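J.: compute the structure for the input listed below.
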Amino acid sequence: MITARVVPPGFSATRWDAARRKVVRRAFREVPFYREQWAAAGRELPDVVPTPAERLADQAFRLCPLGRPYRPAHEPSLWTGDAAALRAAVRTAGVPARGVPVLEVRDAMLDRLSLGPGGPAYGVLLSAEADVLDEERRAALNARAVGLAVRAGRAVVVGPPDALDHAVAGLRSAAAATLRIGVLARTTPAEAFSAGGPVLLHDPVLGYYGARAGTCGVVHLLWRHHHARVVDGALQITDLRRRRPTLCGVVPAGSAGSAVAPCPEHGVPALVSGLVSVPAAAGSARPPSGRPA
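T.: The predicted structure is shown next:
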């Protein structure tokens, strides 16, 4: 795996919680899906009703602000995923911010050249399930991603665990045998807890929301992008940045038994199995709002 030192930023639990409350207030004010929760309850609710992620997959029109409705004929799918979140996830996992192309295994092509300004180059490797005419057409569509890897001499491939071997084999057969390839499996929390190695937390609705940190081995949440809390045993994720779609109190798939705790080394929010306690760093009783070393 290609790694680089992650310099963890400062974190304030108070500001993090305040950011979530601000998103919730805006959701109740602007977004039909959440306004309808008040209507269903017959009163103003103090917080959103948690919703399993899979129930939101067909709610794109109701998850956008009234003033900026979703127009599928004029814009891409809302479930394409946020480039900034993927960039933060691979960076947390220890991939350098520049110089290493990120190749994502997807079922369809995506018109994205990089993961944001100054970020790594980005390309798509079509999965084995992608609907293509034949293998020649698949190779032609994958050519740009292969070219990125060849020119850099290395690449990181991101995708579902069961698709990574096929994608890496295809990349090696189309490129040079000496190509340095790292892999990042995108998984649910349950899968991340049961398997070691580098992983990115991913949900089809939420997108990327965490990663196992390359420096400490703990699954960090992308706290600048998402808020996470556990209420009545359910993990709830709120996207702090995107308004289209607005995602508040979303329960991701495979998150049962998860707990939110500070990383013992960095002090930032991490996701751990609720069956396993995370000890404090030696000689430290730092609370979640502490500044990481």
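J.: please, where are all the strands along this protein?
T.: Here the chain has its strands, by DSSP state E, at 51-52, 102-106, 122-126, 154-159, 180-187, 199-203, 207-212, 219-221, 226-231, 234-239, 250-251, 258-262, 269-273.
J.: so of these, which one's packed in deepest?
T.: Ranked by mean neighbour count under mean count of other C-beta atoms under 10 Å, the strands of the chain are led by strand 207-212, which reaches a mean of 27. No exception for glycine: its C-beta is placed from N, CA and C like everyone else's.
J.: tell me the helices and strands packed up against that one.
T.: Where contact means 3 or more C-beta pairs under 8 Å, 6 or more residues apart in numbering; DSSP states H and E, strand 207-212 is packed against helix 83-92, helix 189-194, strand 199-203, strand 219-221, strand 226-231.
J.: out of the ones you listed, nearest to G10?
T.: strand 219-221 (14.1 Å; C-beta to C-beta).
J.: wait, doesn't G207 sit right on A84?
T.: No. G207 sits out of contact with A84 when judged by C-beta atoms under 8 Å, with a separation of 9.9 Å.
J.: looking at the chain, which residue lies furthest from center?
T.: G42 (34.5 Å; C-alpha atoms, centre = their mean).
J.: and stretch 39-54, what's buried?
T.: By neighbour count with 16 or more other C-beta atoms under 10 Å, stretch 39-54 contains the buried residues 48, 50-51, 53.
J.: skipping its backbone neighbours, what lies nearest V48 in space?
T.: The shortest distance from V48 to any non-neighbouring residue, by C-beta to C-beta, 6 or more residues apart in numbering, is to G249 (4.1 Å).
J.: who touches that neighbour in this structure?
T.: G249 makes contacts with 24, 47-51, 236-238, as judged by C-beta atoms under 8 Å, 6 or more residues apart in numbering.
J.: including distance to L110 and pLDDT, could these go into CSV?
T.: CSV is the format used below for those (distance: C-beta to C-beta, whole Å; pLDDT from 0 to 100):
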residue, distance to L110, pLDDT
V24, 30, 98
D47, 34, 97
V48, 30, 97
V49, 32, 97
P50, 30, 97
T51, 26, 97
Q236, 28, 98
I237, 23, 98
T238, 25, 98
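J.: and W16, what pLDDT?
T.: We note a pLDDT of 97 for W16 in this prediction.
J.: again with A234
T.: Reported pLDDT for A234: 95.
J.: surely it is in contact with P252?
T.: No. Contact criterion C-beta under 8 Å: A234 and P252 do not qualify, at 9.9 Å.
J.: one step back: narrow the buried residues of stretch 39-54 to those in helices?
T.: Per DSSP state H, helices hold no members of those.
J.: which one of those residues is nearest A73?
T.: For those, the minimum distance to A73 (C-beta to C-beta) is 25.6 Å, reached by A53.
J.: count of residues packed around the closest residue to that closest one other than its chain neighbours?
T.: Leaving aside its chain neighbours, A53 sits nearest to V205 (4.2 Å; criterion: C-beta to C-beta, 6+ apart). Other residues lying near V205 total 24 when counted by other C-beta atoms under 10 Å.
J.: any idea how far H220 is from G214?
T.: Plainly put, G214 is 10 Å away from H220 if you go by C-beta to C-beta, to the nearest Å.
J.: got any residues that touch both of those two?
T.: With C-beta under 8 Å, 6+ apart as the test, G214 and H220 both reach T92.
J.: give me the mean pLDDT for stretch 89-99.
T.: What stretch 89-99 shows for mean pLDDT is 88.
J.: okay, how far is it across that stretch, tip to tip?
T.: One end of stretch 89-99 sits 16 Å from the other (C-alpha to C-alpha, to the nearest Å).
J.: so what sits opposite P52 in the bridge?
T.: The partner list for P52 in beta bridges (DSSP bridges) reads V251.
J.: hmm, it is touching V251, no?
T.: Yes. Using C-beta under 8 Å, P52 is in contact with V251, at 4.8 Å.
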